[in-house]
Structure formats: structure tokens, C-alpha cells
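Peer 1: Kindly return the folded structure for what I paste below:
(one chain, ligands or ions: 1)
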Amino acid sequence: MRVFISADIEGTAFTTVWPETGKGQEDYPAAARQMTLETKAACEGAIAAGADYILIKDAHGSGRNIDPNAIPACAEILRGWSGGPLAMVEGIDESFDAAVFIGYHSAAGKIGNPLSHTYSTATTQVRLNGEDCSEFKLYSLCAASFGVPTVFLSGDKMLTEDSKDLHPMLKTVWAKDGFGGYTRCRQPQLVCDLIRQGVEEALKQDLGRALCKIPEKFVLELSYKEHRDAVCNSNYPGFKLIDSHTIRMETEDLFDVLRCVPFIF
Ligand SMILES: [Zn+2]
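Peer 2: Predicted structure coming up:
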């Protein structure tokens, strides 16, 4: 079994403020270590379920957060960014049996994580087909477009609750619960144990029934903090300015949605 893992940091066990997520900052090493440990736990769960190849996308910031020495021998890690449309699931293709998302966070504007955002912090809200759009929604749909079902998600509690109906066999583990500027965090080792167990259970399901249905049409709307960003980005092909801070695109192709993310989010 071939398993794809995408890992972020803002939904791991205790990250609460931006300096914990930024390479080179004082609080960062502990958070990067926790991201490493949660990803390692996911690998162990996957191996227990029968995985013999794992590709990990280090999908936060520099793309160089996870300690490569911590990953098992049957895994490879994709570090850095090509700038291409697959972004947080770069490296995924039709050869994978399932996708797993670790350390993900609530969408832009959501109150359940002080670090909530969608891809960048330029927006106050991103909506896909009228609903809040998290990075998890974008990139698990991307995985589905390659025929790869998403079966496990860990992150903040609000994200896990918001995402539970996105995939038919999705199992979730929440690592912390936020409100405004605070987080109430589960014990980090417990989070790793729950991830290991959850990933194993998720991958032992009947994966043939785990693929979600991809919508036939997409309406993507971004509301920016700065009106100048809305005006500027409304020039990206397919978008229109719909009010002082908001742009909108309609398309039938998920690729159009994914392709614009590195440019205008
Ligand atoms: Zn991140």
C-alpha cells in the first residue's frame, strides 16, 4: 500500500502564536519537533496498516520543518516548493492508495484556531461554493482528483468538525481547541498516540468506498484584508471584483481553482 501524507504546523498539538511557526524564531524548534513527531506517528500507523511506501509533503512555510532523520526507511520526504498547483500535496499521483493530512488548521476567519488562515494571511475569508474553504478542503479535493481518497485528518477541533462530511470514510483526531487568541491543548504525546491509532484504523477500512464526489462546478470567492489586494488580484484570469474587498471566479475545472492559489491567495 502506498500512502501520501501532507503535514502542516498550525494544527499540531500546541502551536498558538505565529512565532512558533516561523523558522529562525525562538519558539519554533519545539513546534517543528512536534510536527515531526506527529508525522512520524502517522507513518507508524500507516505501516501498521500495511503501507510499504509513504511520501510525505512537508507543507508548511519553507517546506523544511520535519526532521528527515525521524521518518521510517520506507518513506520519502518532499521538501521545499516547486510553485506548482499541487502545492501542499505536491508529489501526489494516481499511484497512491490513500491520503492522510496531519497538523492542519481552520480556514481563514474561523474562531477555532488563533492561527486560522487559508494558504496566506491576506484574506479574511475564502469561500468555495459558498462555504468556508480550508487548505484541507482544497488539497483533499486535489487528492480526490487523482483518485486518491483522504481517510485521515488531524488538526484543530473546529477543522475536524467542519470537515467530517467531506470524505465518506474520514477519521479525525483533534489536537487542540482554540477560541480567539487562546488554545486548549491535548498532551502532545497523547496526540501522537491518537494519530498513530487513528491512521492505522483509517487505512484498514475498505478504501474502495472512501473516495468523495468532486463537485461539478466551483465558485471561488476571496475576501481580502486590503482592498488593494482585491483590486490587483481581480486581474487574474477568470476573476471579477465583486465588492471593494472581494473577488470571484466560476469554473467547472478544479485545476483552475488549484492553479490560482500560489498566485493570488
Ligand atoms: Zn502552515
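Peer 1: Specify the local secondary structure of whichever residue of the chain sits closest to the ion.
Peer 2: Closest contact between the chain and the ion, by C-beta to the ion, is at residue 60 (3.7 Å). C-betas here are computed from N, CA, C, even on glycine. Following DSSP: H, G, I helix; E, B strand; the rest coil, we place residue 60 in the coil state.
Peer 1: residues near it, how many?
Peer 2: Applying other C-beta atoms under 10 Å, we find 26 residues neighbouring residue 60.
Peer 1: for the residue positioned nearest the centre of the chain, what are its contacts?
Peer 2: For the chain, the residue nearest the mean C-alpha position is residue 136 (3.8 Å; C-alpha atoms, centre = their mean). By C-beta atoms under 8 Å, 6 or more residues apart in numbering, residue 136 lies in contact with 101, 104, 153, 155, 159, 163, 166.
Peer 1: now for the residues you listed, which pair is the farthest apart?
Peer 2: Of all pairs drawn from these, the greatest distance, 12.7 Å, lies between 155 and 166 (C-beta to C-beta).
Peer 1: Now do the phi/psi pair for the residue of the chain closest to the ion.
Peer 2: With angles defined as degrees, to the nearest 10, residue 60 sits at phi -120, psi 140.
Peer 1: Contacts for the helix or strand hosting residue 76 next, please.
Peer 2: For residue 76, the host element (DSSP states H and E) is strand 75-78. Among residues not part of strand 75-78, those counted as contacts by C-beta under 8 Å, 6+ apart are 43, 53-58, 63, 66, 68, 71, 90-91.
Peer 1: about what we covered before: could you check which of residue 155 and residue 166 is surrounded by more residues?
Peer 2: Set residue 155 next to residue 166 and count neighbours by other C-beta under 10 Å: residue 155 wins out with 29 against 16.
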